[in-house]
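Peer 1: just to be clear, the model below is a prediction. Sequence and coordinates:
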Amino acid sequence: MADNNSGNRALSEEELQDLVASTDSGARNPAGPVGQMLAIVAVVWSLFQVLLASPVSNYVLPGDLINNSRQIHLAFAIFLAFMAYPAFRSSPRTYIPIADWIMALLGAAIAMYGFIFYDKIVNAGGLADDMDKWFALVGLLLLFEGARRALGPAMAIIATIFLVYVFFGSSEWVPEVIRWKGASLKKAMSHMWITSEGVFGIALGVSTKFVFLFVLFGALLEKAGAGNYFIKMAFGALGHLRGGPAKAAVVGSAATGLISGSSIANVVTTGTFTIPLMKRVGFSAEKGGAVEVASSVNGQIMPPVMGAAAFLMVEYVGISYVEVITHAFLPAAISYVALVYIVHLEAVKNNMPTLGDRVVSLGKTIGGMAVFFAGFAALCYGVQYPVRWITSALPSSGLVLSALIVLAYVALLWLASKAPDLEPDDPNAEHVELPVVGEIYKTGLYFLLPIIVLVYFLMIEQKSPGLSAFWATMLLFVILLTQRPLKAMFRGESAFGNAFRDGVADLWQGLIDGARNMIGIGLATATAGVIVGTVTLTGVGQVMADLVEFLSGGNLILMLVMVGLLSLVLGMGLPTTANYIVVSSLMAGVVVELGAQSGLIVPLIAVHLFVFYFGIMADVTPPVGLASFAAAAVSGGDAIRTGFTAFFYSLRTVALPFVFIFNTDLLLIDVGWVQGILVAVVATIAILVFTAGTMGYFLTKSRIYESVVLVVIAFALFRPDYLINRIQPPFEMIEPAGLEAALDAAQDGSELRVIVAGPDFDTGEMKETTLVLQVSGDGSGSERLDGFGLMLLEEDGAVKLDEPMFGTPFADTMQGFDFYADDPVVIASVKAPADQLPKEIMYIPALLLLGLVALAQRRRQRNEPTGEMA
């Protein structure tokens, strides 16, 4: 890519599509019978995945096929990887060499090894024999080669390093701190290929069950024309404002990011239109590209899809899908709010002109958008009430609901037929006419129906993600097949047959696009399984914990910085999904454990989101940042400068993970409705103030001390607990011997924190951890202790702990202590909640200080010739 952009030349549309293809879906596209065969294979894969997710899968598909769906999923991915991705840049693009045919067929066959020899493997208890191990080894090598082609060399290299560690981890040249006993070829291959601990583990299972359907849903929605509709609506609403093309790029990319898992495809899809217009109103090529990069990359943190990470978090964290996207929503939303504000400040600072000749107030625009999103959210939520009435009143409610959806679709399509179909605009045209929202909104309202169906099943019915995506995808099948012929009929056109054939072609191409977009994700999750399998086989995760603790000196902030840097470095060569799997497998438990040792109870979901946020930043960060290279290819700007500018624009995405680790209210964890609304409002103000502070511009150009004050105000709004804790300590200390009495006096719903100290089971060195005792129900202090599984013994002036029984609340937390060493495990101290003012009281001085800064800038602004807000 760097070569393509070496002369800072904007690539042509054909070159851009080749860039996306070579990155996301494969650069090879042979014509003739071979091309048709590959298209059929891709369509069969898509249809198999749809059928697998359907409610009738258990009746239509054999049980063996369902039980081994991961193997079949990987077989399709490996076969298409060798077919679609050339081995080298010099390899042929128009035909497939014999060697690739051999590797594709052999790789697919070995991927299905567990399906073909299912009975033999089950009878052997999942252990590999001499034949199995050689097939498994060849399968791993072919998987790594497929991953190298589809994902670049980094993924294959990292997986190879981990595999080498499995075999040679006992060698003397391995540092003693990470040395282990090693494994035989048979044991390693059994773990990596035959069982569900390695390649065919959780990650590939999530790719099979959930991710494919959502990627297909996005591909079909894009093929139906939703992407162009969202971009047009964004430009109609925001294009006339100062810096409007940049604001429209942010909103349009947020909308397409909801349905696209690829930041690079998002950059090229929306960037080919937005970047030239941004350059026309005064953004440099680098800044225009950077805005598009920051917008597109952030699409991956926006629920409900979040790339594939949301579904992986369900499995890794052990919470429901609804909880994952609830926790992820607020940081993602305020991140986009901040990005809109960034481009607004850039436009105001540079006094950029507006596009078009329409004059609409910013207040009306924001109000209109707020009403639309609130109305759409209310519709998604409110649809449950008539649905419940229908299901309770009518016996055949499924057919009735389906008929009502079809009726709504036909009505909205009739409305759309009254206006011309939307065509992509030419951003380089001499005169740019911005769309009028009031005229174009009706042309694509029916695109919201599949999204409403998806959100309804996910959030209201709380069905599985796979089943929810299945029903939404089925509706898209209907839309793609019927939208053209029905529009032709409503418009009185005679080309009904041609319109139907075009609809079939759209559906066919959407099925192909969905499958090809999944090749890289399927191989990424499978290859990452080797790394996860290495962690479970060798126990290197505990070694990493010790190493990080040693390097950070037990300092939680320093450790989080190290985890963030590790995510950035690994992400420079790995796709976001694979990066998230690797870093969370290695580091998530470490952060939770070391946080507890520091007295900070970090929810596991917060750590996983922390890792994920830094993983997506790798698409931005030079020198590799693939999205930055794609944006530079569109803009003709310098890729490295684009990357650094995009990183600066993305500072809030870097800061937010550190905030929600220490203030989990941002993730809406244990937060009620009223408090949640307050948190959302204050967090929005805080991110805007932080943006103004880092941009050096608020109401007018800020002086250095004003920028510093604004950042401090943002910190106070994000972390009111930090300030109030310095004024009034949140806990009072209780002697360890008083724990039982404190539990006896504790009220239902309160919590005590117990700091436990003792020798580490592995190293023998003394360590500490914090236990949070959540008091619930009635009972005496001793009964509550028994409920927690804690057995105390007062001896020699200390309160000693016996090892908790298996299955008790703290058995897993305490297993890192050596209860049989010479030094006992003791309760070092007990903390009970102290009377403290509500932390929200700190909002008052922070907002007052913000008002003083605004007043000072407003006075200065009156004396300046420019600086008015758009």
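Peer 2: Everything's here; your move. Residues are numbered from 1 along each chain as shown.
Peer 1: so, low pLDDT: which residues of the stretch 1-150 of the chain?
Peer 2: Of all residues in the stretch 1-150 of the chain, those with pLDDT under 70 make up the ranges 1-27, 125-126.
Peer 1: and for the stretch 551-700 of the chain?
Peer 2: Low-confidence regions of the stretch 551-700 of the chain, defined here as pLDDT under 70, cover residues 554, 571-574, 622-625.
Peer 1: now Glu172: how far from Leu141?
Peer 2: Distance from Glu172 to Leu141, counting by C-beta to C-beta, to the nearest Å: 27 Å. In this view, the C-beta of every residue, glycine as well, is placed from N, C-alpha and C.
Peer 1: pick out whichever of these two has more residues nearby.
Peer 2: Here Glu172 and Leu141 are set side by side on neighbour count (other C-beta atoms under 10 Å), and the busier one is Leu141, at 16 against 7.
Peer 1: give the next helix or strand downstream of the longest helix along the chain.
Peer 2: Using DSSP state H to define each element, the chain has its longest helix at helix 496-538. Remark: after helix 496-538, the chain's next helix or strand is helix 540-552, criterion DSSP states H and E.
Peer 1: can you show me the strands along this structure?
Peer 2: Using DSSP state E, the strands of the chain run over residues 731-734, 751-759, 766-774, 792-795, 798-801, 826-833.
Peer 1: got those strands as JSON lines, with mean pLDDT columns?
Peer 2: Listed next are those as JSON lines, based on pLDDT from 0 to 100:
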{"stretch": "strand 731-734", "mean pLDDT": "87"}
{"stretch": "strand 751-759", "mean pLDDT": "89"}
{"stretch": "strand 766-774", "mean pLDDT": "85"}
{"stretch": "strand 792-795", "mean pLDDT": "86"}
{"stretch": "strand 798-801", "mean pLDDT": "88"}
{"stretch": "strand 826-833", "mean pLDDT": "88"}
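Peer 1: show me where the stretch 51-200 of the chain has helices.
Peer 2: When assigned using DSSP state H, counting those that start in this stretch, the helices of the stretch 51-200 of the chain occupy the ranges 57-60, 63-67, 69-84, 98-111, 113-116, 118-123, 130-151, 153-168, 185-189.
Peer 1: of those, which is nearest Gly497?
Peer 2: Set against Gly497 and scored by C-beta to C-beta, these come closest in helix 57-60, at 31.3 Å.
Peer 1: domain ranges for the chain?
Peer 2: When the chain is parsed into structural domains using automatic domain parsing, the resulting residue ranges are 13-204, 732-835.
Peer 1: is it possible to get CSV of those that adds distance to Val322?
Peer 2: Compiled in CSV, these are given as follows (distance: least, C-beta to C-beta, whole Å):
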stretch, distance to Val322
domain 13-204, 18
domain 732-835, 22
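Peer 1: for stretch 85-92, C-alpha coordinates in PDB please.
Peer 2: Output of stretch 85-92 as PDB, limited to C-alpha atoms (Å, rounded to 0.1, in the frame of the first residue of the first chain):
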ATOM      1  CA  TYR A  85      -5.700 -14.500  -1.900                       C
ATOM      2  CA  PRO A  86      -2.600 -14.800  -4.000                       C
ATOM      3  CA  ALA A  87       0.600 -16.100  -2.300                       C
ATOM      4  CA  PHE A  88       2.700 -13.000  -3.200                       C
ATOM      5  CA  ARG A  89       2.200  -9.700  -5.000                       C
ATOM      6  CA  SER A  90       3.700 -11.200  -8.100                       C
ATOM      7  CA  SER A  91       1.300 -14.200  -8.100                       C
ATOM      8  CA  PRO A  92      -1.300 -14.400 -10.800                       C
END
